[in-house]
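Undergrad: model this:
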Amino acid sequence: MTKKYFEDFRVGDTEIFGEKTLSEAEIIEFATDYDPQPFHIDPAAAKEHFFGGIIASGWHTGSSLMRMIVDGQIANSSSMGSPGIDELRWVKPVRPNETLHVASEVLSSTPHKYKNDRGFVKFRHTVLNSADEIKMTMVSSILFGKNPNKEPKL
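TA: Next up is the predicted model:
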C-alpha cells in the first residue's frame, strides 16, 4: 500500500473501511471499566430499560471507530495527530454482535498557516452496521505531512 500524504486527500473523496464486531462480553467489559451504566453492564437491568437490552457505550463505539481509522486510513500515512473533534453524535445504539464499518468523507483540506510541510484534513467519519444503519458520526481533523517528493504548486 502506498503511503498517504496531505495531498492524497481530496474534498469529496469517500473511503469505506474497517470491520469490528462487538460481542456482549466485550461491551460489558469495556463499560465495566469506563461507563458502568446498567444498560451497558447488566443484562437484566438493560432489558427493563427503554433500550430493551445491552448496548455498547458510545465511548466503546468511538474507540472502535478510532481503531478502524488507524488500521484503515492513517497507519500508512504521514499523520501527525489530531487537534480534536468538532462534532460527535451517537445516532443509534450498537447492539451485541453487530458488525461495524466506517465511511470516511473528506470535508476540507487546508494547508497549515505557518508550516508549509503539513496541512489539516477534516473528515466526517460515519460508523455503520452491516445493514448500513448509521450508528455514530464524528467530524474531526487530522494533521498530515505533505509529500516531500512532490513539487510544490506555484
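Undergrad: mind checking which helix or strand residue 87 is in?
TA: Here residue 87, judged by DSSP states H and E, is contained in strand 84-90.
Undergrad: strand 84-90 and the next helix or strand after that strand, what's the angle between them?
TA: Sequence order places strand 98-111 as the next helix or strand after strand 84-90, per DSSP H and E. Between strand 98-111 and strand 84-90, the angle comes out at 150 degrees (axes from the mean of the first three to the mean of the last three C-alpha atoms, to 10 degrees).
Undergrad: in the helix or strand of the chain with the lowest mean pLDDT, what's buried?
TA: When the helices and strands of the chain are compared on mean pLDDT, DSSP states H and E, helix 43-48 comes out lowest with a mean of 94. Within helix 43-48, the residues that qualify as buried are residue 46, counting by 16 or more other C-beta atoms under 10 Å. Heads up, the C-betas are built off the backbone N, CA and C, glycines and all.
Undergrad: next, the buried residues of the next helix or strand after that helix.
TA: Counting by DSSP H and E, the next helix or strand C-terminal to helix 43-48 is helix 58-69. For helix 58-69, the neighbour count (16+ other C-beta under 10 Å) marks 58, 60-62, 64-65, 68-69 as buried.
Undergrad: quick one: contacts for the residue nearest the centre of the chain?
TA: Nearest to the mean C-alpha position of the chain, by C-alpha atoms, centre = their mean, lies residue 65 at 3.4 Å. Listed by C-beta atoms under 8 Å, 6 or more residues apart in numbering, the contact set of residue 65 reads 100, 102, 125, 127, 136, 138.
Undergrad: low-confidence stretches in this structure?
TA: 1, 151-154 (pLDDT under 70).
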